[in-house]
Structure formats: structure tokens, C-alpha cells
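S.K.: requesting a structural model of the entry that follows:
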Amino acid sequence: MVGRRAENASLLVNGLLLFGALYMLAGHSSKQHSSLETSLQSHRALTPSAPLTRLHADCSSRNLAAFSKRRSVDVLLKEDIKGTGKKGEIVGVKPGYYRNYLAPHGIATQPTAEFLEELRVEEERKVAAAKALKEQAMKLRDGLQILSFTIRVKANDDGTLFGGVRPQDIAEAVKAQTGTELDPKTIELPADMNSLGTYNVFANLHPEVKATFPVSVQKGK
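M.R.: Numbering: from 1, shown residues only. Below you'll find the model as predicted:
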């Protein structure tokens, strides 16, 4: 009787030990599964999706292409270049074009402070010279407009001219009376200057200055 009780107690203890071992094994497996799931979720969060990866690649390609198109060097032109720019302008050109052609031929240079100062001084000199020419033309205009000139030509009895009046005739009359030489190309004659009489003649002394003075056409040759 005592032996049977001991056997039963032994079976009960073994059963409890087996249950405890199974419980511990199940808990360890659950923890491993939870850890694995957490790791996978972190990996998904850190790994971009396929569409985002393609978008990033497309943007990088476009940025690289745009940078390649914009790649240039700023240079200061010493001469006018058709299709590129005018003297004194700072323009962007391909590095090879500047290095192999513009710089060796002295057509362009780097926009240094010294060269920019030279351009400024040259521009001031041009402005001063243009102003002086305009003032000179204005003085000549004022002098011509208070004078009258006479030229003598061949004419019929009715007063019509034989050969008409030429701009050269006006220029010679002005020089004979004032000592001033006018370019015949700058002189405009009235369309009806074909008979004896007094006419207003025009002279383009400057792009912004035009003189008007009377010329008397008389019979004399």
C-alpha cells in the first residue's frame, strides 16, 4: 500500500515538472516571435517603398541633367561677339569655349575689379566725348540759323533752274561764308527747290541736332 502511494506521488511530481517545462518553452517561443515581429516592423519603417525609391532616382537624374546644362563660367567680353554679347557685358559661356578660344585670342577675360574699372573709365570718356560732339553741333546749329546763304545758278527767263541745286552747292556756300565744312550727305534739300527763290535747307549735324537755315537761289551763272 505504501509503495503504491509513493509511486503515485512520483508520477505527480514528474507531471508537474513536465508541465512547468512546457510552460517555460511556450513563453520563450512567444517572446522570440514578438521580438521578430518588432524587428520586421522596424525594418519596414526604415526601408523606402518602391515608388519612393523610383521618385528619388528620377529627381536625382533631373537635377544632374539641369546642373550639366547650367554649367558655365562667367566672362567679361572685350569685343562684340554675335550671338553671345557685346563688349563690356558679363556673360556665361562653356568653360572649354573660354579656355580654348576666347581667352587665347584676348576676346574675353575673367571679370576682375581692375578690368571693370578700366571699362568704367573708358565708358566715362565715351560719354564725355559724345557730350562734347553734341554741344559742338548745337553751337553750329545756332550759328547757321541766324545766317542766310546765297548761291547763284543758271536759270531760264521764267526762273526755272537748268541743273537744279545740289547739296554740294550748299556746302560750298556755307564754307565760303563761315569757313565751316558740312558733309553734303547731311544736307537735305526741299523737294520743290527747282526755281529761283529762297528755301529752308536742313542739315543733320548730329543724331539729335538738326539745323535749318535759309538759302537764296539767284540767277548768276
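S.K.: what are the contacting residues of stretch 192-211?
M.R.: Outside of stretch 192-211, the residues within contact range by C-beta atoms under 8 Å, 6 or more residues apart in numbering are 133-134, 137-138, 140-141, 144-145, 148, 155, 158-161, 164-165, 170, 182, 186-190, 212-219. C-beta: built from backbone N, CA, C; applies to glycine.
S.K.: where do the strands sit along this protein?
M.R.: In order along the chain, the chain carries the following strands (DSSP state E): 73-77, 90-93, 108-109, 149-153, 187-188, 197-206, 209-219.
S.K.: how about the CA coordinates for stretch 123-133, as CSV?
M.R.: Presented in CSV, the C-alpha positions along stretch 123-133 are these (Å, rounded to 0.1, in the frame of the first residue of the first chain):
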residue,chain,number,x,y,z
GLU,A,123,32.7,104.5,-70.7
GLU,A,124,33.0,107.9,-68.9
ARG,A,125,35.4,109.0,-71.6
LYS,A,126,33.0,108.0,-74.4
VAL,A,127,30.1,109.8,-72.6
ALA,A,128,32.2,112.9,-72.3
ALA,A,129,33.3,112.8,-76.0
ALA,A,130,29.7,112.3,-77.1
LYS,A,131,28.5,115.2,-75.0
ALA,A,132,31.2,117.4,-76.5
LEU,A,133,30.2,116.5,-80.0
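S.K.: quick check: buried residues in it?
M.R.: Residues of stretch 123-133 include none that count as buried (16 or more other C-beta atoms under 10 Å).
S.K.: what's the answer for stretch 99-119, then?
M.R.: Along stretch 99-119, the positions that meet the burial threshold by neighbour count (16+ other C-beta under 10 Å) are 102, 107-108.
S.K.: what of stretch 174-181?
M.R.: The neighbour-count criterion (16+ other C-beta under 10 Å) identifies V174 as the buried residues of stretch 174-181.
S.K.: how about it as CSV, C-alpha atoms only?
M.R.: Output for stretch 174-181, consisting of C-alpha atoms alone and laid out as CSV, is shown next (Å, rounded to 0.1, in the frame of the first residue of the first chain):
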residue,chain,number,x,y,z
VAL,A,174,28.4,127.6,-96.1
LYS,A,175,32.2,127.1,-96.2
ALA,A,176,32.7,130.3,-98.3
GLN,A,177,30.7,132.4,-95.8
THR,A,178,31.6,130.8,-92.5
GLY,A,179,34.6,128.6,-93.0
THR,A,180,32.6,125.6,-91.7
GLU,A,181,32.7,122.4,-93.6
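S.K.: all numbers from here: first residue = 56
M.R.: Sure, I'll start counting at 56 from here, so that last one is stretch 229-236.
S.K.: average pLDDT for that stretch?
M.R.: Confidence over stretch 229-236, taken as the mean pLDDT, stands at 94.
S.K.: ditto for stretch 138-147
M.R.: The model assigns stretch 138-147 a mean pLDDT of 86.
S.K.: so what touches that stretch?
M.R.: Contacts made with stretch 138-147 from outside it, assessed by C-beta under 8 Å, 6+ apart, are listed as 127-135, 148, 166, 174, 178.
S.K.: ok so, going back, and the contacts of stretch 247-266, which are buried?
M.R.: When these are checked for burial by 16+ other C-beta under 10 Å, the buried set is 192, 195-196, 199, 210, 216, 220, 225, 237, 242, 244, 268, 270, 272.
S.K.: of those, which belong to helices?
M.R.: By the criterion of DSSP state H, membership of those in helices covers 192, 195-196, 199, 225.
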